[in-house]
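> just coords:
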Ligand SMILES: Nc1ncnc2c1ncn2[C@@H]1O[C@H](COP(=O)(O)OP(=O)(O)OP(=O)(O)O)[C@@H](O)[C@H]1O
């Protein structure tokens, strides 16, 4: 198990990573997300042993690294996958994957599994971005790393390729049975691919949890907003009610609620776009459409409630409503929504 305890990194007098704690299971994939400059790459570099750390420890198997006792990358048996693939241009695919390997049977295994058999004698320049990233992954896994660090492995690829390759990479990591930390900018990728997701804000891990928990019970408003479209709706909530029927009362309906941070009384309800319905064909109205974004399968609307709260609503693409139209918005969810203390 990879254990990280109180890991902190300073650049000069600036703390960039602050007291990171995490433990990674044997074949667990942790997706690390956060805004640009929040310290994601720095964490990977520290875990790889590429930069000195200021505080804390990292432990795996027989080694433990700390500020006073640095373990270099070659002693950690770490595998790294970068966004720019980092292949040797003068070597073939086969030679890249077998580089410094005594036993090449695992290289054959990964080359076949990642669909690269027909490209063994080709040099990287002749490969597409997706093929290059498969070669980089095959090379990493052929060396039987104890853990794998992936720094935005899909960011140089187009959208369609990203979608298929993310599953291939996940499958390969699971087949190899190694723990992995995967940095991404893409919240959807983090939620769909990760066993757990870590959300960083200014060097601090704000939440480390299952994708479902990060999305539905975010530890903070920052996490709520970062993991997807989030609206906050004024509501009232009686936390003393029996557990089974804790109801949040809003001007557009009642829903079950999960109180966070001691929310009680006047609160803000976290509403996601798919928790709502929108109808412009009924006589009763309670909002005005501000703007609409066509998304193909769906349309995302921003509506302004008559009371002044703005909500985002996602509905079928068939439901086309023009901006400035009066409409009726309603809560339609039956699962509990997160309830935050009123933002004052
Ligand atoms: N070598 C360095 N010297 C000084 N400051 C640095 C150095 N490398 C990174 N930083 C700073 O540390 C902070 C974290 O950088 P880091 O690259 O880890 O962020 P990130 O979350 O990976 O960002 P991005 O998503 O843009 O890649 C930033 O403010 C960055 O400017």
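Thanks, I have the structure now. On a predicted model such as this, the values are computed, not experimentally measured, just so you know.

> make it CA atoms for all contacts and neighbour counts henceforth
Noted.

> Packing partners of the top helix by length along the chain?
Longest helix in the chain, counting residues (DSSP state H): helix 159-176. The criterion is 3 or more CA pairs under 8 Å, 6 or more residues apart in numbering; DSSP states H and E, and the helices and strands that helix 159-176 contacts are helix 129-142, helix 187-193.

> right, is the helix or strand following the first one up against the ligand?
In this case it means helix 129-142. For helix 129-142, the succeeding helix or strand toward the C-terminus, using DSSP states H and E, is strand 147-151. No - residues of strand 147-151 are not located near the ligand by CA under 6 Å from any ligand atom, the shortest gap being 8.4 Å.

> Pairing partners for strand 147-151, with directions?
strand 78-81 (parallel), strand 180-183 (parallel) (DSSP bridges).

> for the first one, which positions count as buried?
Along strand 78-81, the positions that meet the burial threshold by neighbour count (16 or more other CA atoms under 10 Å) are 78, 79, 80, 81.

> any chance of the residues you listed in CSV, with distance to residue 192 too?
Listed next are the buried residues of strand 78-81 as CSV, based on distance: CA to CA, whole Å:
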residue, distance to residue 192
78, 25
79, 23
80, 21
81, 19
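
> Residue 8: which of the residues you listed is nearest?
residue 78 (19.7 Å; CA to CA).

> So what sits opposite the closest one in the bridge?
residue 147.

> That one: what's it in contact with?
48, 145, 146, 147, 148, 149 (CA atoms under 8 Å, 6 or more residues apart in numbering).

> Give me the pLDDT for the residue nearest to the spatial centre of the chain.
By CA atoms, centre = their mean, the chain has its centre lying nearest to residue 190, at 2.7 Å. With respect to pLDDT, residue 190 scores 95.

> Now do the contacts for it.
Neighbour list for residue 190: 31, 32, 33, 184, 197, 211 [criterion: CA under 8 Å, 6+ apart].

> As TSV, the residues you listed with distance to residue 8 and neighbour count would be great.
As requested, the contacts of residue 190 are arranged in TSV below (distance: CA to CA, whole Å; neighbours: other CA atoms under 10 Å):
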residue	distance to residue 8	neighbour count
31	19	27
32	16	29
33	17	25
184	21	22
197	20	28
211	25	23
